[in-house]
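Student: Only the shape, not the letters, is given here:
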């Protein structure tokens, strides 16, 4: 710079006469970190800068429009749950008689823990890169604007930074007594601190900068609401091709302005160390359950999903810590979303998050329901919106069993077993109206009127009894285990008998009365007609005619919507193979290039070639949606019946959405609609890859690392490193060469054994020393068991000679 600028950042003092004096920069700290550039066509779509206390949502072009529907137009900005802090911020550059707002970035770049927006100001001969990150466990945001003079001549310019406050409660705040009050701003010029307080709450925002402004002004916010705006003006000059960083620090508090100011001081002093700490933590996330496969796009998607999982952690003092379902409209806590997602979180080593989320859901469910029923949706202020859909209670049982198997934590299983027992009792007594074992009520499909005996509720209840029996045996409750196993067996038989439709070669959506079915058909025909699905209308009219011509006084199964949940019998593996293969092939009709339709009647004949963006309705709706959860369930189902190539096809479909709109993430609705990142997507990747392709299924009850690998035929090699199980890790690798498949498994678990299972149709040729190894067989499998910590084995791709 031409003249020296003395800058005060609270207790951090430095004098800057050149850009070197501002070291380190955010750019230098994150240099070398993997990054993904966004698609220029999606600059006017959301991004998130994630943290477990603060998070920031805006558009990739640098603007902060009104976005979101849960609180209309208010789901963007800077959040410190259960309160919003800012609607956003704005920068104006004035130079060469031109005034430009930094709201039209030419490029957006995403890092695992930070982001960058690039602005090209040709008329002012300036290039500006805005970078930001949020430290762990900190109510704070760091912004860095790196300004470069692209001309050889000096340039003088004015920079105006405006923060637009909107300190207001999150969704359902009124239920907890929180109200949105007017924001009042105060400027402390001596300290270069701006403090903004909400007049009806104890929440505050504090702001400062690395340079001292020449002027600061309080004005009305340009955003709707009763917030305020505070602007800081800087007069700057750069020599030819000189570069200057200027930083802004934003801190908040839910309790007092003093706490916000103290956080601000710490943030401004320690931000380089905090950024480096976050970088190192994300480096560690990358190394856990590290996947190396030939498909580099799928490999990258899996790696970034581990980061996505961390983005969704919400830590709220006084309430708890747990994963939100999705950003921006579902940042709070859900039962079923967590029950799917946490199984994947466990496989990628994010165990602390798993434990805290389960503790949070269990404690809230106990406080609200007290009968084992698991809540569905809870705002971050603790207000419960839905006390629980029927499927969430049995799925909680399965989640606890899965986490126990991966952790070998008997105390964990024991602590939640009372909830399991109460929950299963509640299912039997409160939801099973006719006593046939099938609970009545809403499951995963939130379609009006679809609340009788649902296929997914029945299937997940059957799985819950199986998993509860397993846990009961571990905990010494043998009689209860026997009773749960008996019920699981009866339900399995009933599901395969009563829900199966040979005519449709599919399991039914639901069992209900003719009256309910006819009512649902009318609604479904309207839906299909609105979406211009003539094939669906024809099928629905045929079903209606069948009911009218063959009336029944008793409830019976109906295949109507072709909802994805009809595939849950294959997801859990209870479908007999003959029925499973038919149903899996039927399911292939209800896909597009990105995956499986949530509701099959939304499919049209062009779905196989349609690769355009999702066309949502003006009012937020999931009609016509393809999602990662149904697609992942289908992949899991295919693997369960020995079809890894079909499973890989579904994974590839999901991966087409990776970085489609938001670089480094997969949207909730494929490819670019709804939440920009969604928690349960990790279930759809981790289970098929870790538990099925590599075949890792720990059995804590017997201290056994069960491996049942089944690799896609297109993968000549694959490796999965440092998968956390119990008190250690396991690493597995695979290679296919010259007609032979070779596997290596190595672990450091102290008291665990390896049990490896391969189909009998392949010839097993041991390539290891045979001490401490048992090799056996049955009618369908080769079984290898060993106490050794490392074992290599191989199998031929050819059938053995007679």
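Tutor: Sure thing, it's come through. Here the structure is a predicted model, which means the values were calculated and not measured. Numbers count the residues shown, from 1 in each chain.

Student: Give me the average confidence score over the helix or strand harbouring residue 411.
Tutor: Assessed by DSSP states H and E, residue 411 sits inside helix 410-426. Averaged across helix 410-426, pLDDT comes to 98.

Student: just checking, what packs against the helix or strand following it?
Tutor: Downstream of helix 410-426, the first helix or strand assigned by DSSP H and E is strand 453-454. Judged by 3 or more CB pairs under 8 Å, 6 or more residues apart in numbering; DSSP states H and E, the packing partners of strand 453-454 are strand 510-512. For the C-beta atoms, the positions are set from N, CA and C on the backbone; glycine is no exception.

Student: next SSE after the strand it packs on?
Tutor: Trace forward from strand 510-512 with DSSP H and E and the next one is helix 514-530.

Student: Identify the residues contacting the residue lying closest to residue 380 once chain neighbours are set aside.
Tutor: Nearest residue to residue 380 in three dimensions, chain neighbours excluded: residue 81, at 3.8 Å (CB to CB, 6 or more residues apart in numbering). Remark: with contacts taken as CB atoms under 8 Å, 6 or more residues apart in numbering, residue 81 is in contact with 170, 314, 316, 331, 332, 380, 381.

Student: got the residues you listed as TSV, with neighbour count and pLDDT columns?
Tutor: Listed next are those as TSV, based on neighbours: other CB atoms under 10 Å; pLDDT from 0 to 100:
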residue	neighbour count	pLDDT
170	24	96
314	24	98
316	23	97
331	25	98
332	26	98
380	25	97
381	22	96
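
Student: Looking at these, which are in helices?
Tutor: Among the contacts of residue 81, DSSP state H puts none in helices.

Student: Closest one of the residues you listed to residue 746?
Tutor: Proximity of the contacts of residue 81 to residue 746 (CB to CB) peaks at residue 314, which lies at 36.5 Å.

Student: Would you list the phi and psi of the nearest residue to that closest one once chain neighbours are set aside?
Tutor: Spatial nearest neighbour of residue 314, excluding adjacent residues (CB to CB, 6+ apart): residue 324 at 4.9 Å. Main-chain torsions, residue 324, degrees, to the nearest 10: phi -80, psi 160.

Student: and residue 324, what does it touch?
Tutor: With CB under 8 Å, 6+ apart, residue 324 has these contacts: 312, 313, 314, 330, 331, 332, 333, 380, 679.

Student: And the strands in the stretch 651-800 of the chain, which stretches?
Tutor: For the stretch 651-800 of the chain, applying DSSP state E, counting those that start in this stretch gives strands covering 677-678, 696-699, 704-707, 717-725, 728-737, 740-747, 753-759, 764-766, 773-777, 781-786, 790-796.

Student: coming back round to it: pairing-wise in the sheet, spell out the partners of the residue nearest to residue 314.
Tutor: residue 333 (DSSP bridges).

Student: Relative to residue 146, which of the contacts of residue 81 is nearest.
Tutor: Taking those together and measuring to residue 146 by CB to CB, the closest member is residue 331, at 29.7 Å.

Student: quick one: that closest one and residue 380 touch, right?
Tutor: Yes - assessed by CB atoms under 8 Å, residue 331 is found in contact with residue 380 at 6.9 Å.

Student: what do these two both touch?
Tutor: Jointly contacting residue 331 and residue 380 under the rule CB under 8 Å, 6+ apart are 81, 170, 314, 324.

Student: Closest one of those residues to residue 553?
Tutor: Nearest to residue 553 among the shared contacts of residue 331 and residue 380: residue 324, at 46.3 Å, using CB to CB.

Student: how much space is there between the closest one and residue 341?
Tutor: Residue 324 sits 10 Å away from residue 341, taking CB to CB, to the nearest Å as the criterion.

Student: what do those two both touch?
Tutor: residue 679.

Student: Flag whichever of the strands of the stretch 651-800 of the chain has the least confidence on average.
Tutor: The weakest mean pLDDT among the strands of the stretch 651-800 of the chain belongs to strand 764-766, with a mean of 64.

Student: Give the bridge partners for residue 158, please.
Tutor: Under DSSP bridges, the beta-bridge partners of residue 158 are residue 94, residue 235.

Student: Spit out the contact partners of it.
Tutor: Contacts for residue 158 were tallied using CB under 8 Å, 6+ apart; they are 92, 93, 94, 95, 233, 234, 235, 236.

Student: what would these look like in TSV with neighbour count and distance to residue 770?
Tutor: What follows is those, written out as TSV (neighbours: other CB atoms under 10 Å; distance: CB to CB, whole Å):
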residue	neighbour count	distance to residue 770
92	16	75
93	22	74
94	16	79
95	21	78
233	16	79
234	17	75
235	14	80
236	20	75
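
Student: now those residues as TSV including pLDDT?
Tutor: Below are these laid out as TSV (pLDDT from 0 to 100):
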residue	pLDDT
92	97
93	97
94	95
95	89
233	97
234	97
235	97
236	97
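
Student: wait, which of those is closest to residue 386?
Tutor: Once CB to CB is applied, the member of these that ends up nearest residue 386 is residue 92, at 44.1 Å.
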